[in-house]
Structure formats: C-alpha cells, structure tokens
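S.K.: This is a predicted model, with the sequence first.
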Amino acid sequence: MKVRPLHDRLLVRRIEEKEAARGGIIIPDTAKEKPMEGKVLAVGNGRVLDNGTKVALDVKVGDTVLFGKYSGSEIKIDGEEVVIVREDEVLAIMG
C-alpha cells in the first residue's frame with residue numbers, strides 16, 4: 001500500500017471486534033456497529049498553523065487509536081477498507 005496522507009491526516013485500518021457477545025450470542029454482520037478502534041498505517045507530515053509553522057503529529061505509525069463513530073472518510077485501497085481521519089478526530093491512543 002503506497003498511500004501517504006497529507007497534513008494532519010492518518011490512514012487507519014479498523015480493528016474488528018470479536019464475533020460473540022459476553023453471553024455467547026453470535027451477532028450477525030448486519031447488526032454490528034463499525035468498530036471505533038483502529039491501527040495507524042500511515043501519517044501525514046503535520047499540521048500547518050496560520051503563521052506557517054509546522055506542528056508534528058502526536059500519533060505514529062503502528063499506534064492503536066480510538067476515533068469517533070462517524071469520523072473520517074472510508075476508502076478502499078487494494079481491496080481493503082481503510083479510514084482517513086484528521087488527528088483532531090482521534091479521541092485517544094491506546095497503550
């Protein structure tokens with residue numbers, strides 16, 4: 001995959017949740033919500049401020065992040081669905 005996001009954007013692959021719920025009930029694909037957790041595949045160069053200075057991103061490639069349910073834009077690259085999100089849409093970096 002040769003995609004590099006611009007500025008303060010991140011390329012994220014969603015991490016799928018487990019198939020069964022706590023009670024052992026299997027949830028069909030049509031009833032599942034999209035996961036809000038993902039692994040960062042690529043990051044942009046950083047955000048440019050109004051005065052022209054560039055601020056480096058806090059998120060790095062390989063980080064696991066939480067982002068909002070309706071954040072970002074979904075795209076398909078090489079048959080794989082990924083999400084492009086801005087760094088300010090990332091809620092947390094998982095340790």
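M.R.: Yep, that arrived. Since the model is a prediction, treat every value here as computed from it, not as a measurement.

S.K.: Next one: Asp63 from Glu37, what distance?
M.R.: 11 Å (CB to CB, to the nearest Å). Where C-beta positions appear, they are placed from N, C-alpha and C, glycine not excepted.

S.K.: The residue sitting nearest the centre point of the chain bridge partners, please.
M.R.: Central residue of the chain (CA atoms, centre = their mean): Val12, 3.3 Å from the mean position. Here Val12 sits in beta bridges with Val40, Val83, as judged by DSSP bridges.

S.K.: which element is Lys60 on?
M.R.: Here Lys60 sits in a region with no helix or strand, counting by DSSP states H and E.

S.K.: Am I right that it is in contact with Val40?
M.R.: Yes: counting by CB atoms under 8 Å, Val40 is a contact partner of Lys60 at 6.9 Å.

S.K.: quick one on the thing from earlier: joint contacts of Asp63 and Glu37?
M.R.: Shared contacts of Asp63 and Glu37 (CB atoms under 8 Å, 6 or more residues apart in numbering): Met94.

S.K.: Tell me which stretches of this structure form strands.
M.R.: 9-14, 37-43, 47-48, 54-55, 64-67, 73-77, 80-86, 90-94 (DSSP state E).

S.K.: which stretches of the chain have low pLDDT?
M.R.: For the chain, applying pLDDT under 70 flags the ranges 1, 17-24, 26-35.

S.K.: Swap in 90 and give it another go.
M.R.: 1-5, 7, 15-36, 46-49, 52, 54-56, 68-72, 77-80, 94-95 (pLDDT under 90).

S.K.: Lys60 and Val40: which is more packed in?
M.R.: Using other CB atoms under 10 Å as the criterion, Lys60 and Val40 rank with Val40 on top: 21 against 11.

S.K.: Done for today, thanks.
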